[in-house]
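Student: Quick one, what's the 3D model for this:
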Amino acid sequence: MNADEFLLNKIKTYQPVFWRNPNKEETTKALKHIPLGLMDIEDAEKRLQRFAPAIKELFPETNDGIIESSHTELKHAEELKGITLESFSGPVYAKLDNYLPISGSVKARGGIYEVLWFAEQVALQEGVITLDSDYRALLTPEARNVFSGYSLVVGSTGNLGLSIGIMGRAFGFNVEVHMSKEAAAWKKEKLRSLGARVVEHEGDYSSAVAQARQIASSNPKAHFVDDEESVILFLGYAVAGLRLAPQIRPLLDETGKNLKVYIPCGVGGAPGGIAFGLKATLGDRVEVYFAEPTHSPCMLLALATGKLSDISVSDVGLDGITVADGLAVGRASKLTTSWMMHLIDGVFTVPDEFMLDMVRWLWDKEGIKTEPSANAGLYGIVGDGVHMVWLTGGSMVPEEVFENYLSKSQKL
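Tutor: This next block holds a predicted model:
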């Protein structure tokens, strides 16, 4: 049995694996495979700055209208040694996107950015604003009346739909969210309470996205937020790397270590965008690893087999059933897989039990509230470095659901 067969056999039998990407190239060379650059990320940041006064008025909890999270050192990370997939040394930080303002997950970065991008396009086209306007003009009754003639349509397992629903409805757009069977019931109810239309599908995530795409294509005033192929979403996520780099660079220079980042991965847009932003700003000073459930490792299969989006987890007999609802994706994004093939450093898979146990560990030891999918990155902390685990969601989880997570988890 060769190495590829050995890896595939472990994947098929739901065993955790750590795959180091043999196709990874030096960052400058790898970035040439992606038809975007630092200027595109900076342009996205400028758009977010233009919207800041309006966001501040709509959501005072953002303080300055900028949707951003902090990072904090995990003081008890030594306790993870021996239960993670690999050995590690060096400080471990958590990027707290689980506490991102407005929608409480990493999807607030890409999802909200795409809503703002669309709002700007519509407002410019309809003569509501110019690029030099105070964007609080978008909150007037006249602007809302314009936006009410347009629709946002998205397919989602939950968190992307929430971000689109919350921000889309805040500006007055009609919002239609197509949700797969894996989506949590509380996320559907939250969207309905905002006035969004929720369409439930018996099929998986990919089928929900496909049907949403088809419905949006028949309405000239509908914008489809394509979690699988959207460059706009991708750039919204990439801004995270642009912002983190100047904060973390002094620590890298002080310690002489590289930054190692671990990001949960579903279809791939969010981790792919963040990886691109980090690599574009920090170059070879950062390593990026994606984390996936053992039951739904679509990105790992895509990259390790070289088949990219032409392979799904069901093709190798996996059931795709996981407690990590946001990562329950059968087929990775065609756009992201092709762009990540030479850029990221590796992918590892995580048992459901670990993700659940980390809900309790983070809550008991660090006072951090998460949902299971958010914790996947903790399993693959590897080698020596300054480690950054991206916690991707959880602060909006209802208390009864969070208590249920705790009841199913084990203390370390």
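
Student: top strand in the chain by residue count?
Tutor: In the chain, with assignment by DSSP state E, the single longest strand is strand 286-293.

Student: For it, name the packing helices and strands.
Tutor: Applying 3 or more CB pairs under 8 Å, 6 or more residues apart in numbering; DSSP states H and E, one finds that strand 286-293 makes contact with strand 259-264, helix 269-282, helix 298-305, strand 346-350. Placement of C-beta: from N, CA and C, glycine included.

Student: Can I get that strand in PDB, CA atoms only?
Tutor: The C-alpha trace of strand 286-293 is given here as PDB (Å, rounded to 0.1, in the frame of the first residue of the first chain):
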ATOM      1  CA  VAL A 286       2.900  32.300   8.200                       C
ATOM      2  CA  GLU A 287       1.800  28.700   7.700                       C
ATOM      3  CA  VAL A 288      -1.900  28.000   7.300                       C
ATOM      4  CA  TYR A 289      -3.700  24.700   8.000                       C
ATOM      5  CA  PHE A 290      -7.400  23.800   7.400                       C
ATOM      6  CA  ALA A 291      -9.400  21.700   9.900                       C
ATOM      7  CA  GLU A 292     -12.300  19.400   8.800                       C
ATOM      8  CA  PRO A 293     -14.500  16.800  10.500                       C
END
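
Student: Adjacent strands (with direction) for it?
Tutor: If you go by DSSP bridges, strand 286-293 pairs up with strand 259-264 (parallel), strand 346-350 (parallel).

Student: what's around residue 33, how many residues?
Tutor: Residue 33 has 13 neighbours, counted by other CB atoms under 10 Å.

Student: isn't there a helix covering it?
Tutor: No - with DSSP: H, G, I helix; E, B strand; the rest coil as the criterion, residue 33 is assigned coil and is not in a helix.

Student: Quick check: nearest residue in space to it, chain neighbours excluded?
Tutor: With CB to CB, 6 or more residues apart in numbering as the criterion, residue 33 has its nearest non-adjacent residue at 5.5 Å, and that residue is residue 342.

Student: same check, this time on residue 237
Tutor: In space, residue 237 is closest to residue 273, 2.7 Å off (CB to CB, 6+ apart).

Student: can you map out the strands along the stretch 151-300 of the chain?
Tutor: For the stretch 151-300 of the chain, applying DSSP state E, counting those that start in this stretch gives strands covering 151-156, 174-179, 197-200, 222-225, 259-264, 286-293.

Student: Would you format those as JSON lines with mean neighbour count and mean pLDDT included?
Tutor: As requested, those are exported to JSON lines (neighbours: other CB atoms under 10 Å; pLDDT from 0 to 100):
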{"stretch": "strand 151-156", "mean neighbour count": "27", "mean pLDDT": "93"}
{"stretch": "strand 174-179", "mean neighbour count": "25", "mean pLDDT": "94"}
{"stretch": "strand 197-200", "mean neighbour count": "16", "mean pLDDT": "92"}
{"stretch": "strand 222-225", "mean neighbour count": "22", "mean pLDDT": "95"}
{"stretch": "strand 259-264", "mean neighbour count": "26", "mean pLDDT": "98"}
{"stretch": "strand 286-293", "mean neighbour count": "28", "mean pLDDT": "98"}
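
Student: Can you find the helix or strand of this structure with the lowest average pLDDT?
Tutor: Every helix and strand in the chain was compared by mean pLDDT, DSSP states H and E; the lowest is helix 205-217, with a mean of 86.

Student: so how far is that one from its chain's centroid?
Tutor: 19 Å (CA atoms, centre = their mean, to the nearest Å).

Student: What are the contacting residues of it?
Tutor: 151, 153-157, 176, 178-180, 182, 199, 201, 222-224, 226-228, 266-267, 312, 328-331 (CB atoms under 8 Å, 6 or more residues apart in numbering).

Student: Now residue 75: closest residue in space, sequence neighbours ignored.
Tutor: residue 366 (7.0 Å).

Student: do you know how far that neighbour is from residue 389?
Tutor: The gap separating residue 366 from residue 389 is 11 Å, by CB to CB, to the nearest Å.
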